[in-house]
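Asker: Quick one: sequence and predicted model below, then my questions.
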Amino acid sequence: MSDSEPGTRSSPILEKASGATEAGHTGRPGDVAAPEAGGPDGGRAGRFWSTRRVPAVLAALVLLGAAGLFLYDVAAVRADRPAMRWRHWLADQLATRHLEHGWVVAGAAIAMVLGLWLLVLALTPGLRRSLPMRRADGVRAGLDRAAASLVLRDRAMEVAGVQSVRVDVGRRRVKARAQSHFRDVDEVRGDLDAALSDGIRQLGLVRQPGLSVHVRRPAKR
């Protein structure tokens with residue numbers, strides 16, 4: 001990342017593997033030489049899994065509240081006390097309303113959507129903003145996509161003829177849109193493609209994203 005923009009620096013995710021040494025790499029991501037894919041430290045690494053704290057807490061609170069309410073009502077009935085009104089109302093509704101009733105269908109649809117949402121959260125890694133990097137010295141690291149965009153943008157601005165550039169780093173593709181105020185557009189595009197390709201390679205990502213470069217002249221005023 002550029003030293004001129006310290007306030008935009010994002011901390012990478014680091015995970016120390018078991019039995020790993022204390023050695024590590026520091027400095028800008030663009031300055032780290034990426035290990036070879038077939039080397040001992042350049043093996044594949046999957047995406048980082050999110051802890052999903054908020055959905056887990058919400059689901060736990062709902063289940064805890066429902067279980068506590070039902071337990072209290074059952075204990076009250078066992079103690080020869082009348083059941084709560086909501087239980088009588090629920091029993092009457094279930095006995096009188098048909099399955100094709102609007103409220104029944106709506107409730108079933110909401111329950112299905114919530115269940116599918118929880119299943120998706122449980123089966124997908126999450127943390128889409130973090131790009132997994134190759135292992136180096138037993139350390140598993142992840143690079144934030146915004147930080148990678150800044151690194152590649154600094155590389156692009158070093159190309160002669162580039163007036164401004166916007167770099168968007170996705171999980172599978174890097175898109176660069178630049179404006180050239182001098183030099184031939186094709187020459188600028190070639191140099192920009194080479195600079196960004198080298199920058200992507202030096203990021204040390206597990207999966208090298210594809211590159212799409214678009215160069216145009218600024219609009220005449």
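Answerer: Good, I have the coordinates.

Asker: where does the residue of the chain most remote from its centre land in three-state SS?
Answerer: Most distant from the centre of the chain: residue 80, at 53.7 Å, with distances by C-alpha atoms, centre = their mean. Classification of residue 80 using DSSP: H, G, I helix; E, B strand; the rest coil returns coil.

Asker: Kindly report the same for residue 176.
Answerer: Residue 176 ends up strand, using three-state DSSP.

Asker: quick one: it and residue 190, what's the gap?
Answerer: Noted for residue 176: a distance of 13 Å to residue 190, by C-beta to C-beta, to the nearest Å. The C-beta positions use only the backbone N, C-alpha and C, and glycine is treated the same way.

Asker: One more: residue 122?
Answerer: 46 Å.

Asker: Can you give the strand pairings for the strand or helix carrying residue 212, parallel or anti for each?
Answerer: Applying DSSP states H and E as the criterion places residue 212 in strand 210-216. The strands that strand 210-216 pairs with in its sheet are strand 173-180 (parallel) (by DSSP bridges).

Asker: For residue 165, give me its contacts.
Answerer: The contact partners of residue 165, taken as C-beta atoms under 8 Å, 6 or more residues apart in numbering, are 153, 156-157, 176-179, 192.

Asker: Which secondary structure state does it sit in?
Answerer: Once three-state DSSP is applied, residue 165 turns out strand.

Asker: who does it bridge with?
Answerer: Beta-bridge partners for residue 165, by DSSP bridges, are residue 178.

Asker: and the gap between it and residue 199?
Answerer: Residue 165 is 12 Å from residue 199, where distance means C-beta to C-beta.

Asker: Over to residue 184?
Answerer: Between residue 184 and residue 199 the computed distance is 22 Å (C-beta to C-beta).

Asker: okay, those two: which has more neighbours?
Answerer: residue 199 (22 against 11; other C-beta atoms under 10 Å).

Asker: so how many other residues sit close to the closest residue in space to that one that isn't next to it in sequence?
Answerer: Closest residue to residue 199 apart from its sequence neighbours, by C-beta to C-beta, 6 or more residues apart in numbering: residue 155 at 4.1 Å. For residue 155, the neighbour count with other C-beta under 10 Å is 22.

Asker: what's the helix or strand for residue 155?
Answerer: Following DSSP H and E, one finds residue 155 within helix 145-157.

Asker: And that helix, how far out from the chain middle?
Answerer: Helix 145-157 has its C-alpha centroid displaced from the chain centroid by 18 Å (C-alpha atoms, centre = their mean, to the nearest Å).

Asker: One more: stretch 101-112?
Answerer: How far stretch 101-112 lies from its chain's middle: 32 Å, per C-alpha atoms, centre = their mean.

Asker: Restrict it to CA atoms and write it as CSV.
Answerer: C-alpha atoms of stretch 101-112 as CSV (Å, rounded to 0.1, in the frame of the first residue of the first chain):
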residue,chain,number,x,y,z
HIS,A,101,-55.4,-19.6,4.7
GLY,A,102,-53.3,-16.5,3.9
TRP,A,103,-51.8,-16.1,7.4
VAL,A,104,-50.9,-19.8,7.5
VAL,A,105,-49.2,-19.6,4.1
ALA,A,106,-47.4,-16.4,5.1
GLY,A,107,-46.1,-17.8,8.3
ALA,A,108,-44.9,-20.9,6.6
ALA,A,109,-43.1,-18.8,3.9
ILE,A,110,-41.4,-16.7,6.6
ALA,A,111,-40.3,-19.7,8.5
MET,A,112,-38.9,-21.3,5.3
